[in-house]
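[1] using only what follows, build the 3D model:
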Amino acid sequence: MGASDFQAVIGLEVHGQLLTESKIFCGCSTRFGAAPNANTCPVCLGMPGSLPVLNAKVVEFAVRAGVALGCRINERSIWSRKNYFYPDLPKGYQISQYDLPLCEHGALVIDVDGVEKRIGIRRIHLEEDAGKNIHDAGGGESLVDLNRAGVPLTEIVSEPDLRSSEEAGEYLKALRDVLVYLGVNDGNLEEGSFRCDANVSVMRRGATEFGTRAELKNINSFRFVRQAIDYEIARQVALLESGGKVLQQTRLWDPSRGETRSMRSKEEAHDYRYFPEPDLPPLLVPEGMVERERTELPELPREKLQRFQADFSLSAYDARILVADRALADFFEAVWKHYGGSAKKLANWFTGELQRLLNEEGAGLGTLKFPPQHFAELLKLVDAAEVSANAAKDVFAEMFRTGQPPRSIVDARGLGLEKDTTAVEVVVDAVLAANPEEVAKYRAGKKQVLGFLVGQVLKGMKGKGNPAQVNALLKARLGE
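    Down below sits the predicted model:
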């Protein structure tokens, strides 16, 4: 047998930090990048006698995510203590949810090679984050930063419905997009606010029983997720093919070596000695919260993608770029309402000039100095042949820097196209007189020479020539 005789079975556990200003059980800041242990207090440090108080915003955000993912929202859920001992867990346990989570039985639809697939979501529960161990911090010692301790997390656990690393990558991207659209997570993998563990097993095709799974940790990019899963699938298949046995264990992904390595045996639920949290009552979802979140749910990325393709006749590629950022998609629609012209042309400006300037400045849409109306006005000037496409790029860059209206920039810099036909004819005649050989070639049937002549006229007009007008005048002079 070979690798093709095996089927991978994959489930993902995604931890998403909720975008609250304070932690889940205390008032400490969740701001990233603070000095080590600056965002701490007796509650998140686990000091004796300190008591947790639930942040109501955490519940609101988690319910919003559950509703968007089609989950059943349990009106009553239970807090539990998950016990384990590690330096970054100051209390020696993590407050989480086990027996009765906040959200259950949802799904997320993804597209893989143009085919839709429904990935079940088993549960979404709330928990507090642990701190961070910092190894080799100078003299070889290990230090602990507890700023993250108590940061609110949702753990979103998928069903084992994924069958390849590609499906896992698409699921992660789609889930991240949903959470960012909802405003409950910033999707930042590098800062650890969106991170993933993967449970991977293989079974022989035709089998009905799943194989022994390994849990992969330390994965902080979509590319590494795919690489880690592919490596683990190949490792398990090779083990089974050689007569070996896959052990249930937790493995770390080592991106520098491109491999997973054993960390410890995989824990079962009983290893954590879950028991009800005595310092917190059951979580009761406030009356009306679920229906309010359902009513106020924004258009989600998948629906927006389909609408952009249908309403604007955009390609899947263009639509995906625009929809990937909710603010970008909203700005596109705002500009189009004032423009009303070619949506494809507008999309090209968004994916071209706008993105280029934003990238060069390291800026976001929130820093733009011009309103949607000015963007639309510039495109209308191009459509009306009052400004050339090249000059319009210069105008746009000036708008980006100063916020001035396009018409003001065009007038101040003299970038408008020449409307005096007589003036254009003078330049056309001069170009034809200066290039008799090219004229002869054109008249002999080498029509491609026309492009050279048009370029010479536009050069002579210093960018103020209308290419369509110049083209027509040249053809008239050349006898067409």
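[2] now Phe308: how far from Val246?
    The gap separating Phe308 from Val246 is 44 Å, by C-beta to C-beta, to the nearest Å. C-beta coordinates here come from the backbone N, C-alpha and C atoms, glycine included.
[3] the more surrounded of the two?
    Phe308 (23 against 18; other C-beta atoms under 10 Å).
[4] got a list of contacts for the helix or strand hosting the more buried one?
    Phe308 is part of helix 301-312, with elements assigned from DSSP states H and E. Contact partners of helix 301-312, identified using C-beta atoms under 8 Å, 6 or more residues apart in numbering, comprise 109, 174, 177-178, 181, 299, 314-316, 319-320, 322-324, 326, 329, 336, 343-344, 347.
[5] how about 7 Å then?
    The contact list for helix 301-312 (C-beta atoms under 7 Å, 6 or more residues apart in numbering) reads 109, 177-178, 181, 314, 316, 319-320, 322-323, 329, 343.
[6] go on, stretch 363-372?
    327-328, 331, 334-335, 338, 358, 399, 402-403.
[7] re the thing from before, how far off centre is the helix holding Phe308?
    With C-alpha atoms, centre = their mean, to the nearest Å as the basis, helix 301-312 stands 17 Å off its chain's centre.
[8] again, but for stretch 448-455
    Put simply, stretch 448-455 sits 44 Å off its chain's centre (C-alpha atoms, centre = their mean).
[9] start at 824, not 1
    In the new numbering, first residue 824, that becomes stretch 1271-1278.
[10] let me see the mean pLDDT of it.
    Regarding stretch 1271-1278, the rounded mean pLDDT is 72.
[11] so Pro1228 touches His1197, yeah?
    Yes. Counting by C-beta atoms under 7 Å, His1197 is a contact partner of Pro1228 at 5.4 Å.
[12] between those two, who's got more neighbours?
    Under the neighbour definition other C-beta under 10 Å, Pro1228 and His1197 were set side by side, and His1197 has more, 22 against 17.
[13] send the alpha carbons of the helix or strand harbouring the more buried one over as CSV?
    Taking DSSP H and E as the criterion, His1197 maps to helix 1195-1206. The C-alpha atoms that make up helix 1195-1206 are tabulated as CSV, following Å, rounded to 0.1, in the frame of the first residue of the first chain:
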residue,chain,number,x,y,z
PRO,A,1195,-15.7,58.5,-1.5
GLN,A,1196,-17.2,61.3,-3.6
HIS,A,1197,-13.7,62.6,-4.6
PHE,A,1198,-12.6,59.1,-5.7
ALA,A,1199,-15.7,58.8,-7.9
GLU,A,1200,-15.2,62.4,-9.2
LEU,A,1201,-11.7,61.5,-10.4
LEU,A,1202,-13.0,58.4,-12.3
LYS,A,1203,-15.7,60.5,-13.9
LEU,A,1204,-13.1,62.9,-15.2
VAL,A,1205,-11.2,60.0,-16.8
ASP,A,1206,-14.4,58.7,-18.3
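[14] show me what the very next helix or strand once past that helix is packed against.
    In the C-terminal direction, the helix or strand that comes right after helix 1195-1206 (DSSP H and E) is helix 1212-1225. Here helix 1212-1225 touches helix 1195-1206, helix 1229-1236, going by 3 or more C-beta pairs under 7 Å, 6 or more residues apart in numbering; DSSP states H and E.
[15] next, the buried residues of helix 1212-1225.
    Going by neighbour count (16 or more other C-beta atoms under 10 Å), the buried part of helix 1212-1225 is 1214-1219, 1221-1223.
[16] what number of residues lie near Leu1180?
    If we define neighbours as other C-beta under 10 Å, then Leu1180 has 17 of them.
[17] related to what we said a few turns ago, among the buried residues of helix 1212-1225, which one has the lowest pLDDT?
    Within the buried residues of helix 1212-1225, lowest confidence goes to Ala1214 (85).
[18] which residue sits closest to that residue in space, ignoring its chain neighbours?
    In space, and not counting its chain neighbours, Ala1214 is closest to Leu1238: 4.4 Å by C-beta to C-beta, 6 or more residues apart in numbering.
[19] just how off-centre is the lengthiest helix in the chain within its chain?
    Scanning the chain for the helix with the most residues, using DSSP state H, yields helix 1045-1064. From the chain centre to the centre of helix 1045-1064 is a distance of 25 Å (C-alpha atoms, centre = their mean).
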